[in-house]
Structures are given as C-alpha cells and as structure tokens.
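Asker: Can you look at this prediction? I've put the sequence above it.
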Amino acid sequence: MSALTLQFRPDNSERMRKDEVERNYNPWDAFQAICRYLDPDAAVALPLDELLSILYQMLPIKTKRWSTEEADLSYLILDVVEQIPHAHPGQDKMLALYQRLAKCDKFIYQREPRESCAAFEEEAHRRIIYWPWEKESQARAIVNSCAFMARLEGAGLLDPSFKRGFFFQDALDDPKAEMGKEPLYDSYLLAACAMWILYDTGVFFRCVSSGRQWHDPDRSDPTGLEQWNKWQRVFAERAETSDLTDEARQLARQAADRMAALAREGEAAK
C-alpha cells in the first residue's frame, strides 16, 4: 500500500473548540491516530483495535441522538476519506474503522438504534448532494467520498440516498442538462457516478431493478431494468468519448462492464 499524504483540516472542528477544555475529544490527536493507522509501514502502523481504544476514550457516553464529539469525529473521517484515492487500500481500512465504530456503544443510540451515526450520514450526504467544487482537488475529493459512501452502502452501514436515482437521471439521462459544460466537469461527474457502480456491491442495482420508489412528486422514478440498461449504454458510449479524461473513460468502461454483469445476474436469477 502506497503512503498517503494527509492534511489536517481544522475548519470543521474550530467551531467546537470553545468547549474543548471540558471534553476528552481532541481532533488533532484523533487525526494523528488515524494517520498512524493508515501508515503502510506495518512496523509503525497503529492496529485497528488500538485506534478504536483511543477514539473510544475520547467519546462521551451516548445519551442523545448525536454529540458534538461524535459529529466532530464524523467530519474528521470524511475529511480523511476525501484525501484517499477511490481505489487505494486506505479506503477499505477506513471502512473497517467505521464498521467497528458503528457497533460501538458510544455511537449506537439505544433509544432509537436506527438513528445511530446520524451526524455522519447527514454530513456525508450534504457534502455530495450539493456538489460544491470549484477546484479540481475539490472534485477529486467528492469522487473519493462517493467511493467511500458506496462502500458503506455495500456493507449495509448506510441507506441508499433517495436522491441517488435522480443524480444518475440528471447526469446520464439528459446529456444537455449536465454533460457538455466543460470536459473537466463532465469527467468528474461521470467518475462520481461510476463510484456507486464499482464499490457498492450491487446495492444500487437492486434498488433500481426492483422498482424502488424514490418518492419525489415532481419527477418520475428512475427504476426498472430497462432504466439500468440505458445507463449502462451511456457509460459504454462515454468510455469512447475523446473529450473526457483518460481516468474518466477508464472508470466509465469499468462501470459499464460491471453494470452489464449485474444485469445478466439479475436476469439469470428470475
């Protein structure tokens, strides 16, 4: 595993520093511990159990839907994931971390277990849905976040956002609506869509092919195997589009192949 160069982003925790003297959570210490966990050198890397022990001691006992410490740690995890390339093994290590945290009694809200990890889910969806990027580094961060969220969905830790179908609809059904703005924008938009195909272990396919209702009164539901196959063809076509980046074309080709395979499996299972 190649080494990562991660930067601490204090902005998300700065607003919480006023009460830091009264709590155990320290965002810088948490960041350093996560960096040690992700270190590719096994001789110095922090084992997952030790990292969990450090973070556990920082978090308060869970007595409400979410705490400022939990929210701060959630923001930190997302900040780190944004900096890990989508295909890097570090993404899977962060998934393993979150899988353990999600079962932790300081994350699970016993009164309403389904509300556990609420701060993380809300912030994760907010960062992606609003697509707020002006620089290429910000666009790449969103692609990396999409990959991680897809992994979470595949692991059953995150419910598919009801906006996912409409995001695909906007990006792939109507080329004039999103594609064609500029090659770099088009490339990253396509790459973001590909993440949900490549890393969610088929969750999105099952939602679409099963006829899931997305419940938006102003839009028709993008569901059914026909819709899935249509998107597959769009990925295949854009894989041959010279205006896109090499990476975007490669991801589109991989997504098209994966979608075709899922469709075949779905047909065979009928």
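Answerer: Alright, I've got the coordinates.
Asker: Okay, the closest residue to residue 30 other than its chain neighbours and residue 82: tell me how far apart.
Answerer: Nearest residue to residue 30 in three dimensions, chain neighbours excluded: residue 76, at 5.8 Å (CB to CB, 6 or more residues apart in numbering). No exception for glycine: its C-beta is placed from N, CA and C like everyone else's. Separation of residue 76 from residue 82 (CB to CB, to the nearest Å): 11 Å.
Asker: ok, back up a step: residue 33 is in contact with the residue nearest to residue 30, correct?
Answerer: No - the pair residue 76 / residue 33 is not scored as a contact, 10.2 Å apart, by CB atoms under 8 Å.
Asker: Out of the two, name the residue with the larger neighbour count.
Answerer: Ranked by neighbour count (other CB atoms under 10 Å), residue 76 and residue 33 place residue 76 first, with 22 against 19.
Asker: does that one sit in a helix or strand, and which one?
Answerer: Element membership for residue 76, per DSSP states H and E: helix 68-82.
Asker: which is the next helix or strand following that helix?
Answerer: helix 89-101.
Asker: For residue 5, the count of nearby residues, please.
Answerer: Neighbourhood size, residue 5 [other CB under 10 Å]: 6.
Asker: now swap in residue 136 and tell me
Answerer: For residue 136, using other CB under 10 Å, the count is 12.
Asker: do you know how far the closest residue to it other than its chain neighbours is from residue 82?
Answerer: Nearest residue to residue 136, sequence neighbours excluded (CB to CB, 6+ apart): residue 184, at 6.6 Å. Noted for residue 184: a distance of 18 Å to residue 82, by CB to CB.
Asker: When those two are compared, which one has more neighbours?
Answerer: Ranked by neighbour count (other CB under 10 Å), residue 184 and residue 82 place residue 82 first, with 19 against 14.
Asker: ok, now which ones touch that one?
Answerer: When contacts are counted by CB atoms under 8 Å, 6 or more residues apart in numbering, residue 82 touches 127, 141, 142, 144, 145.
Asker: helix or strand for the third one, which one?
Answerer: Looking back up the chat, that one is residue 142. If you go by DSSP H and E, residue 142 is part of helix 136-154.
Asker: Quick one: name whatever helix or strand follows that helix.
Answerer: Going down the chain from helix 136-154, the next helix or strand is helix 164-168, by DSSP H and E.
Asker: Check the offset of the helix holding residue 76 from the chain's centre.
Answerer: In terms of CA atoms, centre = their mean, to the nearest Å, the gap separating the centre of helix 68-82 from the centre of its chain is 13 Å.
Asker: list the buried ones in the longest helix seen in the chain?
Answerer: The residue-count maximum for a helix in the chain (DSSP state H) belongs to helix 246-269. Neighbour counts over helix 246-269 (16 or more other CB atoms under 10 Å) mark 248-249, 251-253, 255-260, 262-263, 266 as buried.
Asker: Low-confidence ranges, this protein, go.
Answerer: 1, 11-23, 65, 108-121, 125, 127-133, 161-163, 174-181, 212-222, 270 (pLDDT under 70).
Asker: what's the nearest residue to the residue nearest the centre of it if we skip its chain neighbours?
Answerer: In the chain, the centroid-proximal residue (CA atoms, centre = their mean) is residue 149; its distance is 2.2 Å. Of all residues not flanking residue 149 in the chain, residue 124 sits nearest, at 5.6 Å (CB to CB, 6+ apart).
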